[in-house]
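*Asks:* what shape does this take:
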Amino acid sequence: MAATSSSTRHVQPAPEKPPEAVMERPSLATRIRQSAPTFVVVAGLVALAVWGQRTDWTLPKFSALFGGAPEEASDWCDEHNVPESQCVECNPKLMPVAKDYGWCSAHGVMQCPLEHPDVVQLNARPTITPAMLERAQRAIALRPRAENNSRCNLHLKRIQFASLESIEKVGVDIALTAERPIVESIVANGEIGFDQTRLAHFSSRVPGTIWRVEKQVGDRVQKGDVLAFIDGAEVGRLKSELLQALSQVRLKQDNLERLRPLAGSVIPARELVEAQADADAAYIQLHRAQQALVNLGLPLDANELAGLNADQLARQIQLLGLPADLANGPNAGTLSSNLLPVRSSLDGVVVERRAVDGEVVDVKSQLFDVADTSHLWLMLNVRQEDAKYLALGQKTLFRTSSSQTDMESKGAVSWISPNADDVTRMVKVRVDLANADGRLRANTFGTGHIILREEPKAVVVPNEAIHWDGTCSIVFVRDKDFMKADSPKVFHVRSVRTGVKENGATEIVAGLLPGEIVASKNSVVLEAQLLKSSLGAGCACCQGK
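*Replies:* The predicted structure is shown next:
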């Protein structure tokens with residue numbers, strides 16, 4: 001049994017090895033054969049590079065690969081975009097570089113034409129006049145101007161075009177450096193108001209009732225015209241006191257004159273002295289009553305009333321201060337003695353009326369506002385940083401926000417606030433404006449220009465002609481021989497110092513003279529070429545080929 005069981009025992013086969021384990025590694029010869037093509041290609045490229053280095057061989061240009069003429073393409077200066085044989089940068093003999101005068105500390109530019117007129121691109125050498133130097137000095141001394149870096153060397157660059165046609169294709173336009181008037185000013189917003197020295201607020205001098213209103217808003221009045229009548233009991237009481245004082249003066253004076261001849265002989269001298277004192281006291285009381293009426297605006301001369309009888313005196317006092325048309329009217333006898341006229345103290349226009357017939361008023365009630373509109377005040381809000389350039393008497397131009405024309409009002413600075421506003425931090429400036437024609441209106445807003453400098457002959461160019469590279473302002477000046485057939489088409493880079501910008505033009509304080517031609521519209525093309533030449537490594541000829 002034991003034998004049988006051992007003979008029938010099943011034997012498990014051994015596990016097979018994976019295919020990778022049974023694969024044989026390639027031989028060295030096989031690996032060399034497989035790598036041979038790669039070594040051949042690499043060796044060929046190395047040999048080609050060595051040959052090209054020794055023979056100065058270069059890759060053909062794009063234009064030569066696709067139908068271009070190899071002879072013309074080889075003469076092209078990629079750095080300056082002109083034929084290499086015509087490139088003034090690569091061949092300085094074609095157009096020698098002008099003498100470099102360097103930095104002008106007086107005017108803040110390189111190659112300053114005011115100091116060295118020979119750098120100017122004009123057919124004739126210009127004459128620098130004292131007026132030109134004074135103009136530049138005024139502009140520099142007045143306010144800080146944009147400063148150029150004294151190390152900026154862009155003025156040594158020149159931008160060249162292959163032909164006139166190439167300039168036309170890129171759309172570069174030119175402009176003539178011209179002289180024209182410019183105005184430098186401080187611009188500030190402001191509001192027109194009445195001249196406070198020519199604006200009066202009228203009230204009643206006594207409590208009472210408005211008997212009649214004589215003037216309406218918009219009425220023009222003269223000094224002394226009646227605006228309204230006030231019926232006040234205080235007026236009647238003061239008139240009565242005046243009548244009593246006049247009566248006492250007459251009585252005491254008559255008594256004094258009666259006793260004067262009798263003094264010393266019939267009556268004691270003491271009685272004459274007492275009579276004189278009573279007469280003096282009566283005169284004092286009369287003047288007191290007279291002054292009280294004058295304080296109400298009722299002028300009165302008591303001496304003129306001395307010869308009137310009682311009836312005449314009463315009528316005179318009753319109509320005291322009333323205008324002639326009312327005092328001589330058919331109803332003059334029925335008028336109240338309490339009437340007090342409110343009169344205008346200046347020539348002007350009634351701009352406000354608050355009085356109504358029959359209204360009860362007191363001395364605090366403002367009934368009318370009368371303003372002389374022939375002169376107005378303009379209050380401007382000036383920034384603190386601009387306030388240091390202000391001075392009394394400076395000419396000012398003002399235009400309202402609603403103005404549809406070019407008409408401006410002229411005035412002069414008459415007051416500068418010593419402190420800044422607590423809220424806006426602006427400095428208040430008052431300007432006196434003439435308004436004889438009445439064209440201006442109070443409480444209107446607008447823009448004021450406080451004139452700092454007026455130049456009748458400032459040098460200006462279009463705004464688009466100015467470029468800032470981060471260190472200096474430049475323009476591109478066309479060469480004086482630009483239009484000659486055999487002359488290179490060159491623009492010179494010129495350092496400039498700018499001033500006022502006005503109506504699309506920029507003032508050139510220094511750097512240009514009238515008559516020079518600059519690139520204006522699309523001059524960014526020249527700026528791009530300047531940037532390219534500044535950043536690039538240069539063409540082959542410029543590297544010493």
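
*Asks:* what segments of the chain are helices?
*Replies:* 2-7, 19-22, 28-55, 62-65, 70-73, 130-142, 164-170, 233-259, 269-295, 310-318, 324-327, 384-387, 524-535 (DSSP state H).

*Asks:* residue 382 touches residue 429, doesn't it?
*Replies:* Yes - counting by CB atoms under 8 Å, residue 429 is a contact partner of residue 382 at 5.2 Å. C-beta here means a position set from N, CA and C on the backbone, and glycine is covered the same way.

*Asks:* so what sits against both of these two?
*Replies:* 188, 390, 450 (CB atoms under 8 Å, 6 or more residues apart in numbering).

*Asks:* need the buried ones from those selected in PyMOL.
*Replies:* Of those, the buried ones can be selected in PyMOL as follows, counting by 16 or more other CB atoms under 10 Å:
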select buried, resi 188+390+450
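
*Asks:* one step back: which of the helices of the chain sits closest to residue 114?
*Replies:* Of all the helices of the chain, helix 130-142 sits nearest to residue 114, with 6.2 Å by CB to CB.

*Asks:* looking at the helices of the chain, spot the one closest to residue 199.
*Replies:* Smallest distance to residue 199 across the helices of the chain (CB to CB): 23.1 Å, for helix 269-295.

*Asks:* and the closest one, how far from the chain's centre?
*Replies:* Counting by CA atoms, centre = their mean, to the nearest Å, helix 269-295 is centred 68 Å from the centre of its parent chain.

*Asks:* what does stretch 465-480 give?
*Replies:* That offset, for stretch 465-480, works out to 27 Å (CA atoms, centre = their mean).

*Asks:* likewise for stretch 80-99?
*Replies:* Offset of stretch 80-99 from its chain centre (CA atoms, centre = their mean): 46 Å.

*Asks:* domain assignment for the protein?
*Replies:* 77-182+456-536, 186-197+371-454, 199-369 (automatic domain parsing).

*Asks:* dump those to TSV, plus distance to residue 45 and mean pLDDT.
*Replies:* Putting the domains of the chain into TSV (distance: least, CB to CB, whole Å; pLDDT from 0 to 100) gives the following:
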stretch	distance to residue 45	mean pLDDT
domain 77-182+456-536	26	92
domain 186-197+371-454	68	93
domain 199-369	97	92
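
*Asks:* just put those domains in JSON lines and tack on distance to residue 35.
*Replies:* As requested, the domains of the chain are exported to JSON lines (distance: least, CB to CB, whole Å):
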{"stretch": "domain 77-182+456-536", "distance to residue 35": "41"}
{"stretch": "domain 186-197+371-454", "distance to residue 35": "78"}
{"stretch": "domain 199-369", "distance to residue 35": "106"}
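
*Asks:* pick the most buried one from the ones you listed.
*Replies:* Looking across the domains of the chain with neighbours counted as mean count of other CB atoms under 10 Å, the highest average goes to domain 77-182+456-536: a mean of 18.

*Asks:* I'd assumed residue 342 was in contact with residue 230.
*Replies:* Yes - with contacts defined as CB under 8 Å, residue 230 counts as touching residue 342 at a distance of 6.3 Å.

*Asks:* what do those two both touch?
*Replies:* The contact sets of residue 230 and residue 342 overlap at residue 204 (CB under 8 Å, 6+ apart).

*Asks:* show me what residue 199 bridges to in the sheet.
*Replies:* Per DSSP bridges, the residues bridged to residue 199 are residue 371.

*Asks:* quick one: contacts for it?
*Replies:* Residue 199 sits next to 369, 370, 371, 372 when contact means CB under 8 Å, 6+ apart.

*Asks:* try it again with 10 Å
*Replies:* 193, 346, 348, 351, 352, 369, 370, 371, 372, 373, 377, 442 (CB atoms under 10 Å, 6 or more residues apart in numbering).

*Asks:* how near is the fourth one to residue 198?
*Replies:* In this structure, residue 351 lies at 11 Å from residue 198, with CB to CB, to the nearest Å as the measure.

*Asks:* for the fifth one, same thing?
*Replies:* Using CB to CB, residue 352 is found at 14 Å from residue 198.

*Asks:* what sits closest to residue 499 if chain neighbours are left out?
*Replies:* Nearest non-adjacent residue to residue 499, counting by CB to CB, 6 or more residues apart in numbering: residue 507, 3.5 Å away.

*Asks:* isn't the one you found right up against residue 146?
*Replies:* No - counting by CB atoms under 10 Å, residue 507 sits too far from residue 146 to count as a contact (11.4 Å).

*Asks:* any residues in contact with both of the two?
*Replies:* In terms of CB under 10 Å, 6+ apart, residue 507 and residue 146 are both contacted by the residues 497, 498, 499.

*Asks:* which ones among those residues map onto strands?
*Replies:* With DSSP state E as the criterion, strands contain 497, 498, 499 from among these.

*Asks:* isn't the second one up against residue 508?
*Replies:* I take that to be residue 498. Yes - counting by CB under 10 Å, residue 508 is a contact partner of residue 498 at 6.5 Å.

*Asks:* report the set of residues contacting both of these two.
*Replies:* Joint contacts of residue 498 and residue 508 (CB under 10 Å, 6+ apart) are 139, 461, 466, 473, 475.

*Asks:* alright, calling it a day.
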